[in-house]
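1. Got a predicted model here, sequence first, then my questions.
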Amino acid sequence: GNSVTQMEGPVTLSEEAFLTINCTYTATGYPSLFWYVQYPGEGLQLLLKATKADDKGSNKGFEATYRKETTSFHLEKGSVQVSDSAVYFCALSYNNNDMRFGAGTRLTVKP
Amino acid sequence: DAGITQSPRYKITETGRQVTLMCHQTWSHSYMFWYRQDLGHGLRLIYYSAAADITDKGEVPDGYVVSRSKTENFPLTLESATRSQTSVYFCASRALDRGGTEAFFGQGTRLTVV
């Protein structure tokens, strides 16, 4: 079945460090891929998405590229800030009810 | 206010009690979902609804009941709460009938069953 695997956390970085959170997926066909962010005490918010192979989603300095050949959608940011501290979820979905989430990766950025 | 709202934000209940979590959205999205969030499991789908009066089971439906008499509301009921249902519950909506792909989430309800 469809599933998402993302790197286990927690991840702790210093401010201005480079961030990579790995995400790989198992699916048939061509799902849409998403990264959601959850700040403390809040619901999930869409961070970025890509709907077809080789698409790059980007937002707030974060980027992820839909790699069909490696079934991956790794999240990257060149210079993290303390305000980026949150839990990040990778997800996949077709245009139906089924949206599958990874287990989440907690990021802490220290000043 | 526009958006998707859940109530209550926090709830403590006793084992065996019935409890209902509320979800309301103002976008008229056709699809609505209930997820539970547990450490190490990410989000797991409990139930979803494609439209008013249409509901279906997700990955972990046992012990839960839903209804959707109106497009904007999608309550989740725990008929007889158990400690294993202690979790954070999120409601979400998607405009799948209009080509939308992303899900919009409420702020969550933290439920503790004692």
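-> Done, it's in. Numbers count the residues shown, from 1 in each chain, chains lettered A, B, ... in the order given.
2. can you pull the buried residues of the longest strand seen in chain B?
-> Counting residues, the longest strand found in chain B (DSSP state E) is strand B:42-51. By 16 or more other CB atoms under 10 Å in any protein chain shown, the buried positions in strand B:42-51 come out as B:Gly42, B:Leu43, B:Arg44, B:Leu45, B:Ile46, B:Tyr47, B:Tyr48, B:Ser49, B:Ala50. The C-beta positions use only the backbone N, C-alpha and C, and glycine is treated the same way.
3. Tell me where the model's unsure across chain B.
-> Low-confidence segments of chain B (pLDDT under 70): B:1-2, B:97-99.
4. A:Thr71 and chain B: what is the separation?
-> Computed as CB to the nearest CB, to the nearest Å, the A:Thr71 to chain B distance reads 18 Å.
5. Quick check: residues of chain B near chain A?
-> Proximity of chain B to chain A (CB under 8 Å from any CB of the partner chain) is limited to residues B:31, B:33, B:35, B:40-43, B:45, B:48, B:50, B:56, B:58, B:90, B:92, B:94, B:96, B:99, B:101-108.
6. try it again with 7 Å
-> With CB under 7 Å from any CB of the partner chain as the criterion, chain B meets chain A at residues B:31, B:40-43, B:48, B:50, B:90, B:96, B:101-103, B:105-108.
7. For chain B, which residue gets nearest to chain A?
-> B:Phe105 (3.6 Å; CB to the nearest CB).
8. The closest residue to that residue other than its chain neighbours: how many residues sit nearby?
-> Residue nearest to B:Phe105 in three dimensions, not counting chain neighbours: A:Gly43, with 3.6 Å by CB to CB, 6 or more residues apart in numbering or on different chains. A:Gly43 has 21 neighbours, counted by other CB atoms under 10 Å in any protein chain shown.
9. And A:Asn97, by the same measure?
-> 18.
10. mind listing the strands for chain A?
-> Counting by DSSP E, the strands of chain A are A:3-6, A:11-14, A:19-21, A:23-26, A:32-38, A:44-50, A:56-59, A:62-65, A:75-77, A:86-93, A:99-101, A:105-110.
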